[in-house]
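*Asks:* Can you look at this prediction? I've put the sequence above it.
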Amino acid sequence: MKNNLQLSESLLNAIMDSAVDAIIVIDSHGTVQTVNPATQRLFGYAPEQVIGQNVKMLMPPPFREEHDSYISNYLESGTAKIIGIGREVVGRRQDGSVFPIHLAVSQISIDDQILFAGIIRDISDLKRAEHKLAELNRYLEREVQDRTAELRDAQAELVRNEKLALLGQVSANISHEIRNPLNAAKTSAYYLMNAKSPTESKIIEHLERIDRQIHMIDNVITALTDLAKLPDPRIAEIDLIELVQQTIDSVDLPPDIHVVIEKAPGLPPVMGDVNQIAMVIRNLVRNARDAMNQGGGQLTISFGKDGQHLSVSVADNGCGIAEADLARIMDPFFSTKARGMGLGLAIIQAILEKNDGRMDVQSHVGTGSNFQIFLPSAS
């Protein structure tokens with residue numbers, strides 16, 4: 001049976017052999033004493049080519065020239081420039097190529113001999129992610145600039161249509177809708193630029209979050225510019241049930257809202273602009289969500305056929321709309337919400353008119369609302 005010393009040596013050898021990161025042990029002169037198998041995979045040198053050599057052989061200038069001074073300075077003054085402090089440096093492979101690494105060095109004392117153990121991790125993937133993030137940030141800057149220019153154009157259009165006073169009523173809401181996703185994107189960017197060795201899944205998670213926030217900003221500006229000058233629809237066949245499902249999945253609904261989709265198999269496709277119709281459905285679902293923001297409720301989606309038109313109903317059991325307000329809910333900048341811009345239903349009305357559709361509304365205070373849109377059937 002192995003004694004404790006043998007077990008310790010076996011455990012140490014197992015750790016050295018299985019470690020993913022390179023582990024290099026040097027003496028106080030910088031001479032390599034031992035390396036693990038990962039060192040060869042990382043740098044390309046066989047162990048016998050490194051052991052007995054100065055560890056500087058694994059560094060490009062200027063790190064090569066600075067290394068010995070770090071050790072001597074630490075031994076003389078106790079001031080650590082890299083000992084005990086992880087930092088990003090650059091490594092040099094046998095083929096002469098250089099790559100970014102994270103280096104953590106610790107002091108070891110064995111039999112009155114001072115040794116230093118370095119754990120080295122290749123951070124090329126992280127640097128590529130940071131480069132991609134920098135490109136994404138530049139793209140975000142361009143998008144914000146482009147969308148800001150579009151917003152200015154939309155403002156000019158509103159001024160030409162004598163809507164300058166109304167623009168003042170919604171400017172704060174527009175700023176709020178843009179600033180929130182922009183702040184979220186900046187938070188993810190800060191994390192990726194400052195996190196210590198984030199996992200690949202975390203990098204992907206935050207990059208996708210930034211992409212979603214850019215998309216949200218784009219939607220806000222598009223909504224305003226569409227009201228000023230709604231583009232002509234690109235009419236094509238649409239699978240209405242599939243589009244509704246995809247659109248609902250894209251809306252952030254709280255867990256206390258139960259969604260019921262009453263599908264109607266065999267319905268033919270409708271004719272319309274898929275992006276514009278998706279905007280209509282998204283706005284109706286958001287309105288239903290906001291109407292049920294106190295205690296949740298049930299959102300019911302149902303489909304039907306009325307002559308040459310297919311219908312989709314978005315019903316909620318929320319607060320409902322007062323009868324006096326029903327006649328005005330389609331007016332631009334009229335809203336029953338405390339923080340609403342009053343553009344959603346106006347955009348829906350404009351879109352449906354351009355897509356040869358229409359909308360009916362039934363609502364009662366305290367019991368909820370049912371918005372039913374009709375679109376021409378493709379058959």
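*Replies:* Yep, it's here. These numbers were taken from a predicted model, which means no experiment stands behind them. Numbers count the residues shown, from 1 in each chain.

*Asks:* Strands of the stretch 251-379 of the chain, residue ranges please.
*Replies:* Assigned strands in the stretch 251-379 of the chain, in chain order: 257-262, 270-272, 297-306, 309-316, 358-364, 368-376 (criterion: DSSP state E, counting those that start in this stretch).

*Asks:* Give me whichever of these is most buried.
*Replies:* strand 270-272 (a mean of 25; mean count of other Cβ atoms under 10 Å). To be clear about C-beta, it is placed using only N, CA and C from the backbone, and glycine gets the same treatment.

*Asks:* So which of the strands of the stretch 251-379 of the chain is nearest Gln155?
*Replies:* For Gln155, the closest of the strands of the stretch 251-379 of the chain is strand 358-364, at 28.1 Å, according to Cβ to Cβ.

*Asks:* which residues make contact with the closest one from outside it?
*Replies:* 320-321, 326, 329, 348-349, 352, 369-374 (Cβ atoms under 8 Å, 6 or more residues apart in numbering).

*Asks:* That strand pairs with which strands, and in what direction?
*Replies:* strand 368-376 (antiparallel) (DSSP bridges).

*Asks:* Give me the angle between the partner strand and strand 297-306.
*Replies:* Counting by axes from the mean of the first three to the mean of the last three Cα atoms, to 10 degrees, strand 368-376 lies at 30 degrees to strand 297-306.

*Asks:* could you give the angle of strand 368-376 to strand 309-316?
*Replies:* Using the same axes, to 10 degrees, strand 368-376 lies at 160 degrees relative to strand 309-316.

*Asks:* where do the helices sit along the stretch 151-300 of the chain?
*Replies:* Using DSSP state H, counting those that start in this stretch, the helices of the stretch 151-300 of the chain run over 164-194, 200-228, 240-249, 274-291.

*Asks:* Arrange the ones you listed in JSON lines, one row each, with distance to Pro60 and mean neighbour count as further columns.
*Replies:* Listed next are the helices of the stretch 151-300 of the chain as JSON lines, based on distance: least, Cβ to Cβ, whole Å; neighbours: other Cβ atoms under 10 Å:
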{"stretch": "helix 164-194", "distance to Pro60": "24", "mean neighbour count": "15"}
{"stretch": "helix 200-228", "distance to Pro60": "26", "mean neighbour count": "17"}
{"stretch": "helix 240-249", "distance to Pro60": "50", "mean neighbour count": "16"}
{"stretch": "helix 274-291", "distance to Pro60": "52", "mean neighbour count": "21"}
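
*Asks:* which one of the strands of the stretch 251-379 of the chain lies closest to Pro62?
*Replies:* strand 257-262 (60.1 Å).

*Asks:* Quick check: mean pLDDT of that closest one?
*Replies:* For strand 257-262, mean pLDDT rounds to 90.

*Asks:* quick one: contacts for Asp146?
*Replies:* So Asp146 contacts nothing (Cβ under 8 Å, 6+ apart).

*Asks:* Repeat that for Pro198.
*Replies:* Contact analysis of Pro198 by Cβ under 8 Å, 6+ apart lists Leu126, Tyr191, Leu192.

*Asks:* And it, how close does it get to Ala22?
*Replies:* 20 Å (Cβ to Cβ, to the nearest Å).

*Asks:* ditto for Asn36
*Replies:* 7 Å.

*Asks:* Ser369 now?
*Replies:* Noted for Ser369: a distance of 64 Å to Ala22, by Cβ to Cβ.

*Asks:* Same question for Met279.
*Replies:* Counting by Cβ to Cβ, the gap from Met279 to Ala22 is 53 Å.

*Asks:* Also Leu192?
*Replies:* Distance from Leu192 to Ala22, by Cβ to Cβ: 25 Å.

*Asks:* Show me the shaky parts of the protein.
*Replies:* Scanning the chain for pLDDT under 70 picks out 1-9, 67-84, 158-177, 219-220, 222-230, 294, 328-344.

*Asks:* Give me the buried stretch members for the longest strand seen in it, please.
*Replies:* Longest strand in the chain, counting residues (DSSP state E): strand 98-110. For strand 98-110, burial by neighbour count (16 or more other Cβ atoms under 10 Å) applies to Pro100, Ile101, His102, Leu103, Ala104, Val105.

*Asks:* nearest residue to the fifth one other than its sequence neighbours?
*Replies:* Counting by Cβ to Cβ, 6 or more residues apart in numbering, Gly86 is the residue found nearest to Ala104 once chain neighbours are left out, at 4.1 Å.

*Asks:* residues touching that neighbour, list them.
*Replies:* His102, Leu103, Ala104, Lys196.

*Asks:* Redo these as TSV? Include distance to Val244.
*Replies:* Shown next, in TSV, are these (distance: Cβ to Cβ, whole Å):
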residue	distance to Val244
His102	48
Leu103	54
Ala104	53
Lys196	44
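
*Asks:* what's the spacing between the residue lying closest to Arg93 once chain neighbours are set aside and Phe99?
*Replies:* Nearest residue to Arg93, sequence neighbours excluded (Cβ to Cβ, 6+ apart): Gly44, at 4.8 Å. Taking Cβ to Cβ as the measure, Gly44 falls 11 Å from Phe99.

*Asks:* likewise Glu135?
*Replies:* 20 Å.

*Asks:* same check, this time on Ile23
*Replies:* For Ile23, the distance to Phe99 - Cβ to Cβ - is 17 Å.

*Asks:* again with Ile348
*Replies:* From Ile348 to Phe99 the distance is 54 Å (Cβ to Cβ).

*Asks:* For burial, what's the neighbour tally of Ala46?
*Replies:* 12 (other Cβ atoms under 10 Å).

*Asks:* In three-state terms, label the closest residue to it other than its chain neighbours for me.
*Replies:* Nearest non-adjacent residue to Ala46, counting by Cβ to Cβ, 6+ apart: Gln40, 6.0 Å away. Recorded secondary structure, Gln40: helix (DSSP: H, G, I helix; E, B strand; the rest coil).
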